[in-house]
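K.L.:
Sequence and predicted structure are below.
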Amino acid sequence: MNSVSENTVPTALTIAGSDPSGGAGLQADLKTFSHYGIYGMTAITCLTAGNTQGVSEVNPIDPSFIRQQCQSVIQDIKPSVTKTGMLFSKETIVAVADDLATISCPIVVDPVMVTKRGDILLSKNAQNYYIEHLLQLSDVLTPNIPEAELLTKEQINNSDDMEQAAKRLLEMGSKSVVIKGGHQKESKNSNDLFFDGNEMIWLTSKRYPTQHTHGAGDAFSAAISALLAKGKSLRQAAEQAKQFIIHAIKSAPGLGKGQGPINFSLSHHPK
Ligand SMILES: Nc1ncnc2c1ncn2[C@@H]1O[C@H](COP(=O)(O)OP(=O)(O)OP(=O)(O)O)[C@@H](O)[C@H]1O
Ligand SMILES: Cc1ncc(CO)c(N)n1
């Protein structure tokens, strides 16, 4: 095998599903990487027929072909960071874990399972495969609240519960966690929680009265990934990604008939 040459620019590989409407999934990841000047690469896990109104169909890619895509990339261009998004099936989680175990770069695992609308993006009971195969490989785990509940098997009703869940997810194997707080619809705030086993930090924001947050979770995790690729610390990456997502939600372009995408063209936002 040829050795992988050193990169001239930071790079990021996303192992994720496709959202044809362009606001979520690998499309959100690539747009976010570009915002930060990161060269983005993809291994596609599934094709969704989805848009701002929901996901109507999922067409999974054969796990052996997902591995082939990963290998094509990593044997050629070294990722500075690797992120996982929608994996959809148990078989894909296991296949992707095998590839991640051989990669020497920070790994961001976004355990995509369920959207705010309730679309199921992971087959039933597959969360246990995340626990067995992916948690211990992740440098940063970025669940939303329902995903953190499914992983810890504990309900989250308030910020104390979020703090307990963060501690539990580290005990379960992840090196650090950012729990995304966007699902607390009754709250005035949309606060996320960062914990690396040492520092526990609330990433605070008011909750904007908007439904245009399609793909916000993907973009937030992608921004953390991009900032890690640029050499930021975990804490800096989480804090700066939070500012990015606040601006991207505030200036959403208002596209689509449902939950519209965020704004990926933040020319004035610091990178
Ligand atoms: N209405 C809102 N106002 C401000 N911030 C928000 C709002 N909704 C979500 N966020 C922020 O967006 C980011 C994504 O959080 P969320 O919990 O929605 O993730 P998610 O469910 O994975 O998203 P998705 O599945 O839509 O990609 C977090 O930083 C969260 O705080
Ligand atoms: C492909 C894909 N990945 C992730 C999400 C969650 O935002 C979505 N809606 N679609």
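P.N.:
Thanks, I have the structure now. Numbering: from 1, shown residues only. Ligands and ions are numbered 1, 2, ... in the order given.
K.L.:
which regions of the stretch 151-271 of the chain sit below the pLDDT cut-off?
P.N.:
Flagging of the stretch 151-271 of the chain using pLDDT under 70 yields the residue ranges 267-271.
K.L.:
In the stretch 51-200 of the chain, which residue sits nearest ligand 1?
P.N.:
When scored by CB to the nearest ligand atom, the stretch 51-200 of the chain has Gly182 as its residue closest to ligand 1, at 2.4 Å. From N, CA and C alone the C-beta is placed, and that goes for glycine too.
K.L.:
wouldn't Cys259 be in contact with Thr210 here?
P.N.:
You called it Cys, but residue 259 is Gln. No. If you go by CB atoms under 8 Å, Gln259 and Thr210 don't touch, sitting 9.1 Å apart.
K.L.:
Looking only at neighbour counts, state which of the two leads.
P.N.:
The neighbour comparison of Gln259 against Thr210 (other CB atoms under 10 Å) goes to Gln259, with 22 against 13.
K.L.:
Name the nearest residue to that one, sequence neighbours excluded.
P.N.:
Spatial nearest neighbour of Gln259, excluding adjacent residues (CB to CB, 6 or more residues apart in numbering): His214 at 4.4 Å.
K.L.:
again, but for Gln155
P.N.:
Leaving aside its sequence neighbours, Gln155 sits nearest to Glu149 (CB to CB, 6+ apart; 5.9 Å).
K.L.:
residues near the residue nearest to Gln259, how many?
P.N.:
For His214, using other CB under 10 Å, the count is 29.
K.L.:
distance of it from Ser72?
P.N.:
Going from His214 to Ser72 by CB to CB, to the nearest Å gives 30 Å.
K.L.:
hey, what's Leu122 bridged with?
P.N.:
The partner list for Leu122 in beta bridges (DSSP bridges) reads Phe88.
K.L.:
All the helices of the stretch 51-200 of the chain, residue numbers only.
P.N.:
63-74, 90-100, 127-129, 145-152, 159-171 (DSSP state H, counting those that start in this stretch).
K.L.:
partners of whichever residue of the chain sits closest to ligand 2 in the sheet?
P.N.:
Among all residues of the chain, Gly25 sits closest to ligand 2, at 2.8 Å; criterion: CB to the nearest ligand atom. Judged by DSSP bridges, the bridge partners of Gly25 are Ser18.
K.L.:
Let me know the pLDDT of it.
P.N.:
Note for Gly25: predicted pLDDT of 98.
K.L.:
List the contacts of it.
P.N.:
16-19, 48, 50, 85-86, 215, 218 (CB atoms under 8 Å, 6 or more residues apart in numbering).
K.L.:
Now with 10 Å, please.
P.N.:
14, 16-19, 42, 44-48, 50, 55, 85-86, 112, 121, 215, 218 (CB atoms under 10 Å, 6 or more residues apart in numbering).
K.L.:
Can you pull the residues of the chain lying near ligand 2?
P.N.:
For the chain, the residues in contact with ligand 2 (CB under 6 Å from any ligand atom) are 17-19, 24-25, 48, 50, 55, 85-86, 112, 115, 121, 215, 217-218.
K.L.:
Can you name the two of those residues that sit furthest apart?
P.N.:
Farthest pair in the residues of the chain next to ligand 2 (CB to CB) is Ser18 and Gly217. Separation: 16.2 Å.
K.L.:
buried residues in the longest helix seen in the chain?
P.N.:
For the chain, the longest helix by residue count, based on DSSP state H, is helix 234-250. Using 16 or more other CB atoms under 10 Å as the burial criterion, the residues of helix 234-250 that qualify are 234, 237-242, 244-246, 248-249.
K.L.:
now swap in stretch 152-164 and tell me
P.N.:
Counting neighbours by 16+ other CB under 10 Å, one finds that the buried residues in stretch 152-164 are 152, 156, 161-163.
K.L.:
From start to finish, how long is it in a straight line?
P.N.:
Stretch 152-164 stretches 10 Å from its first residue to its last (CA to CA, to the nearest Å).
K.L.:
Next one: Ser72 from Arg168, what distance?
P.N.:
Counting by CB to CB, the gap from Ser72 to Arg168 is 37 Å.
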